[in-house]
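In: turn this into a model:
(chains A and B)
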Amino acid sequence: MPQRRVLLGNAAIARGLIEAGCHFATAYPGTPSSEILPAFVQLAREEGANAYAEWSTNEKVAYDNALAASYTGKRAAVIMKQVGLNVAADSLMSSAYTGTVGGFVVISCDDPGPHSSQTEQDSRYFAMFAKVPAFDPISPDDARTLMRRAFEVSEKLRMPVIFRAAIRVCHARQTITFEEPLSLERPAAFEKDPRRWAATPKFRLILHKELNEKIERARELFETLPENAATFEPEDAKLGIIAAGVPYANVVDILEETGLAEEVPVLRIATPFPLPQKLVQRFAGACRQVLVLEEPDETIELQIADKSKLWGRLSGHAPRAGEMVPEVAWAILSRALAQAGVSEGLPAIDESVQAGARELELPVRRPSLCPGCPHRAAFYSIRKAVPKGIYTSDIGCYTLGLNLGVVDTCLDMGAGITIASGFYNAFKLDGQDQPVVATIGDSTFYHSGPAGLISAVYNDARFVLVILDNATTAMTGMQPTPGTGVRADGSQGRPLPLEQVVKGCGVDFVKVCDPYDVKEMIKLVKEAHAHTREPDGKVAVIISRRPCLVNIRGLPPEERVEVEVTDKCNGCKVCIERFECPSLVFHEQEEKVTIDTLTCVGCGVCVEVCPRGAIVLKEG
Amino acid sequence: MADSDARQILVSGLGGQGVLFATNILLQTALEKGWDVLASETHGMAQRGGSVVSHIKFGSFLSSLIHSGAADVALSLQREEAFRNLHFVKPGGTVVINAPGLTGQQEALAAKLRERGVRFVVKDATDIAKSAGTPRAGNVALLGIACASGVLPFSAGELRQAVETLASGPRKKPNLKVFEAALSAK
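Out: Residues are numbered from 1 along each chain as shown, chains lettered A, B, ... in the order given. Here you go, the predicted model:
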């Protein structure tokens, strides 16, 4: 009997890789893609496959490593979140020209919403930009089977393909029936061909023409791809729907539920770029109106030349931002059904309960740092030491330092450092002495810190950089970093201590501290800032080092303390507003703070925070 | 108690309360019954103490999301999160809330929904878990309460089996103890 399991979408994608005979995968973690590589390691192990998995330092590095494996004839995949593809864009654009040998799939996970990203960008636009095919799965099991197609197309055309999985595919769970993996013999070999693999501009022109031919051949292949199919062939339908990805899943379920599945045909586009034009024209030709449902942007709609009977984002029928959740799809469909004369629309979704709940004034839940998080202690000290600073920060759990007023900017990976150096020189130009303190996590620093730091030292920018070293990539689910040297398969690689890297970037002031020692850290940040103002000073770096408590499953018992709040507490809320530990709870009736012993981890840092000394270590 | 025919279940709570574990128990139980399951989870930043919600569907669905007004059952580990997600529950559905009771305002909204046949089961799952020696197992207690109320499509035996499968090692006994305590809680 074939194995039947409930898998997370990301594990189903990993299973798709294994079943497609892909044994080489690289990645940099990022929600919603992070679980794919660990699942790949696990499932390959279960299968007894001789597979290579790598957490690379960033997405561009990951891209190039996997691409090289493809050059040797192996099937390979690179995995990232959608904004990671921005980092790897240079490689993507160029490799579209050079082409590939073994099947090469770029898995880029989109985050319509956005739930956990700085943009809602559509990876399918990157496919258009680079002129490479895009695949758009609708569910975990669909992703698993579509992966095999993606490799077939890549291998046939010798070009990279983008496999765009949206968050509702990545973080769905579904029953999966395993299929026998392909067994491919692909011993690594590299056939030298400098006109391709090291092409100069003259040859790049030839490669561009070749790319244009390849993408037209992809379009031909997609005209008959079994996944590009309609729920039924329309004949003069009042309304037809063209849909892709998760919106396809939502609309088909709604039509089923409302009894319209046999009245309104839906054409699924599994390959939004290049659009199978003939297939689309045939379908649209048999419908009086066509509604296009896709997310987050309008890749399909843009490619349909005749927009006279098209409804979608461009016509204002679908919102141009935000996730197309079932309620949104319901409203779009309802309006389209009425406008096309299919029905009077769908029964309106009752909004009275939501309105009633709004009146309850439910608490706004903003995410916050965990109890005992070392970042919270570090942020507290930074603010105390340099109260007039501009605080530039970066991407990670510590972005939540904005709740504490110690994160003023968060742009993209590595920008904690680059925005800091830009700020310094912009203020300096006007003779202003503006203190700047940058924060960045250890994993983010390895990802894209050094280039910015080298540039800052070289251009004499003066700021304090605090590297929040919790020895893991916490926000995305505890992936290892080069600092610990643990590799994707759990084996020990070669660790690169942050101190060495920072010194190598030309920094003289490099000091390590324990953020739980608040007094010491405040002193150190002041000292670091003073260094930046000395004539021969430079950027000063503090490595604030303490492991993530979630990763080490709580403080070791010997480090734990018990705290209590004494009668000295006057309810000033400084600890709530400036420290925001979830275990400090304000008691409205008693107008004082209490400790939630269920969640308190016993770090004891809050003892330092209370201006009245009302939080104390328990006696005995 | 008879098994219900619920096919769309929502589980809500706060990051860290174990919404994902409760979700996995329900999925595992369905898998053992040979059902097709499809679910949607919250990962990433929201897990740091924010609102967390899982959508669970049994049967031949394509979309992993439950739409407003379609859930047969909504389980909530936290009272306010239950009300935030109340609109998902269909007329005639059931809401199971981990709380010692409701506030006056909440009770007024609940009364309106009761008129549409929505049933409310409000019990202190955290307290049951605490009394059974594992304060953090409120999630397992809530499943026990829901099961005892007859709103889940599973028998106690089927759920117990899933708890045994998923709560591995030293976590198994304490979780089973909480589950049993919740089943028989008044």
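
In: give me phi/psi at the nearest residue to residue A:9 once chain neighbours are set aside?
Out: Closest residue to residue A:9 apart from its sequence neighbours, by CB to CB, 6 or more residues apart in numbering or on different chains: residue A:140 at 3.9 Å. Yep, even glycine has a C-beta here, placed from its N, CA and C like the rest. Note on residue A:140: backbone dihedrals following degrees, to the nearest 10 are phi -60, psi -50.

In: read off the pLDDT value for residue A:140.
Out: Listed pLDDT for residue A:140 reads 98.

In: can you check residue A:504 too?
Out: 98.

In: helix, strand, or coil at residue A:291?
Out: Following DSSP: H, G, I helix; E, B strand; the rest coil, we place residue A:291 in the strand state.

In: look up how far residue A:80 lies from the closest residue to residue A:348 other than its chain neighbours.
Out: Spatial nearest neighbour of residue A:348, chain neighbours left out: residue A:334 (7.5 Å); criterion: CB to CB, 6+ apart. Per CB to CB, to the nearest Å, residue A:334 is found 37 Å from residue A:80.

In: and the longest strand for chain B?
Out: For chain B, the strand with the greatest residue count under DSSP state E is strand B:89-98.

In: the helix or strand just after it near chain A at all?
Out: Next along the chain after strand B:89-98, taking DSSP states H and E as the criterion, comes helix B:104-114. Yes. Helix B:104-114 is in contact with chain A by CB under 8 Å from any CB of the partner chain, via B:105, B:106, B:109, B:112, B:113.

In: may I see the PyMOL selection of the buried members of those residues?
Out: Buried members of the residues of helix B:104-114 next to chain A can be picked out in PyMOL with the line below, counting by 16 or more other CB atoms under 10 Å in any protein chain shown:
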select buried, chain B and resi 106+109+113
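
In: how near is the residue nearest to residue A:9 to residue A:11?
Out: Taken as CB to CB, the span from residue A:140 to residue A:11 is 8 Å.

In: residue 140: neighbouring residues, count only.
Out: Using chain A here. 30 (other CB atoms under 10 Å in any protein chain shown).

In: let me rephrase: I mean chain B.
Out: Residue B:140: 32 neighbours (other CB under 10 Å).

In: sec struct for it, please.
Out: Strictly by three-state DSSP, residue B:140 counts as helix.

In: does it really touch residue B:175, like I thought?
Out: Yes. Counting by CB atoms under 8 Å, residue B:140 touches residue B:175, with 5.1 Å between them.

In: so what sits against both of these two?
Out: Listed as contacting both residue B:140 and residue B:175 by CB atoms under 8 Å, 6 or more residues apart in numbering or on different chains are B:163, B:167.

In: ok so, going back, who has more neighbours out of residue A:334 and residue A:80?
Out: residue A:80 (30 against 19).

In: mind checking how far the nearest residue to that one once chain neighbours are set aside is from residue A:87?
Out: Nearest residue to residue A:80, sequence neighbours excluded (CB to CB, 6+ apart): residue A:59, at 4.4 Å. Computed as CB to CB, the residue A:59 to residue A:87 distance reads 4 Å.

In: between the two, which has more neighbouring residues?
Out: residue A:59 (31 against 22).

In: what's the neighbour count on residue A:466?
Out: Counted by other CB under 10 Å, the residues lying close to residue A:466 total 30.

In: pretty sure it sits against residue A:378.
Out: Yes. Using CB under 8 Å, residue A:466 is in contact with residue A:378, at 6.3 Å.

In: common neighbours of these two, please.
Out: Joint contacts of residue A:466 and residue A:378 (CB under 8 Å, 6+ apart) are A:439, A:544.

In: all strands of the stretch 101-250 of chain A, in order?
Out: Under the criterion DSSP state E, counting those that start in this stretch, the stretch 101-250 of chain A carries strands at the ranges A:104-110, A:134-135, A:161-166, A:172-177, A:240-243.

In: what's across from residue A:134 in the sheet?
Out: Bridge pairing for residue A:134 (DSSP bridges) gives the partners residue A:162, residue A:273.

In: that one and residue A:85, how far apart?
Out: In terms of CB to CB, residue A:134 sits 12 Å off from residue A:85.

In: overlap of the contact sets of those two?
Out: A:123, A:162.

In: before we move on, back to that, go through the strands of the stretch 101-250 of chain A and pick out the most buried.
Out: Mean neighbour counts were compared across the strands of the stretch 101-250 of chain A using mean count of other CB atoms under 10 Å in any protein chain shown; the top stretch is strand A:104-110, at a mean of 31.

In: given that strand, what are its sheet partners and their directions?
Out: strand A:76-81 (parallel), strand A:161-166 (parallel).

In: other residues contacting the last one?
Out: By CB under 8 Å, 6+ apart, the list of residues contacting strand A:161-166 from outside reads A:9, A:13, A:32-33, A:82, A:85, A:104-112, A:122-124, A:126-127, A:130, A:132-137, A:143, A:146-147, A:150, A:153-154, A:245-246, A:272, A:295.

In: chain B contacts on the stretch 201-350 of chain A?
Out: So the stretch 201-350 of chain A meets chain B at A:246, A:248-250, A:252-254, A:257, A:325-327, A:330, A:349-350 (CB under 8 Å from any CB).

In: pull out the buried members of those residues.
Out: Burial by neighbour count, 16+ other CB under 10 Å: within these this picks out A:246, A:248, A:249, A:250, A:252, A:253, A:254, A:325, A:326, A:327, A:330, A:349.

In: quick one: which two of the residues you listed are the most distant?
Out: Spatial extent of those (CB to CB) is set by the pair A:248 and A:349 at 20.2 Å.

In: mean confidence (pLDDT) on stretch A:222-235, please.
Out: 98.

In: using PDB, write out every CA atom in that stretch.
Out: Provided in PDB are the C-alpha atoms of stretch A:222-235 (Å, rounded to 0.1, in the frame of the first residue of the first chain):
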ATOM      1  CA  PHE A 222       1.400  24.800 -22.000                       C
ATOM      2  CA  GLU A 223      -1.400  24.800 -24.600                       C
ATOM      3  CA  THR A 224      -1.800  21.100 -23.900                       C
ATOM      4  CA  LEU A 225      -0.600  20.700 -20.400                       C
ATOM      5  CA  PRO A 226      -3.200  18.500 -18.600                       C
ATOM      6  CA  GLU A 227      -3.300  20.800 -15.600                       C
ATOM      7  CA  ASN A 228      -4.400  23.800 -17.800                       C
ATOM      8  CA  ALA A 229      -8.000  22.600 -18.100                       C
ATOM      9  CA  ALA A 230     -11.500  23.800 -17.700                       C
ATOM     10  CA  THR A 231     -14.100  22.300 -15.300                       C
ATOM     11  CA  PHE A 232     -16.200  21.800 -18.500                       C
ATOM     12  CA  GLU A 233     -16.100  23.200 -22.000                       C
ATOM     13  CA  PRO A 234     -18.300  26.200 -22.300                       C
ATOM     14  CA  GLU A 235     -20.800  26.900 -25.100                       C
END
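
In: show me what the helix or strand in which the residue nearest to residue A:348 is found is packed up against.
Out: Assigned by DSSP H and E, residue A:334 belongs to helix A:326-339. Packed against helix A:326-339, as judged by 3 or more CB pairs under 8 Å, 6 or more residues apart in numbering or on different chains; DSSP states H and E, are the following elements: helix A:245-257, strand A:290-293.
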